[in-house]
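Enquirer: Return atomic coordinates for the entry below.
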Amino acid sequence: MAQKNPAVTSGGKLNKRLHFQQLGGTPNAGGELTTWATYATLWGSIDVLRGQLLYNTGEFIEQSTYNIVILYNPAEAISVADRIVCEGTTFII
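Expert: Down below sits the predicted model:
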């Protein structure tokens, strides 16, 4: 029996539009205005790996870890300084 490669996913599972954004600056009269600009929109999937609620300095902080899968595109250079926006939720890379 052939084993399935866990790194390969079916195309049907890539059902989310992921907007990859990078931080940019626009000069204005008061200095520089920082904005996020979308440089790629790709199909992908998002799965929750782990979620936890931490208590720190008198407040609760939710921390989650996700597995995001996209089709490899050598034309897009994704950096850890970028972020992903999907359906109003922002994910830090």
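
Enquirer: Which residue ranges of the protein form strands?
Expert: Secondary structure of the chain by DSSP state E: the strands cover 16-28, 31-56, 59-70, 83-86, 89-92.

Enquirer: Can you say which of those strands is nearest to Glu76?
Expert: Relative to Glu76, the nearest member of the strands of the chain by Cβ to Cβ is strand 31-56, separated by 4.7 Å. For the C-beta atoms, the positions are set from N, CA and C on the backbone; glycine is no exception.

Enquirer: Which stretch among the strands of the chain is buried most, on average?
Expert: Ranked by mean neighbour count, the strands of the chain are led by strand 83-86 with a mean of 17 (mean count of other Cβ atoms under 10 Å).

Enquirer: Listing partners with orientation, what would you give for that one?
Expert: On the basis of DSSP bridges, the sheet neighbours of strand 83-86 come out as strand 16-28 (antiparallel), strand 89-92 (antiparallel).

Enquirer: Out of these, which gets nearest to Thr34?
Expert: The closest approach between Thr34 and any of the strands paired with strand 83-86, judged by Cβ to Cβ, belongs to strand 16-28 at 5.4 Å.

Enquirer: Fine by me, thanks again.
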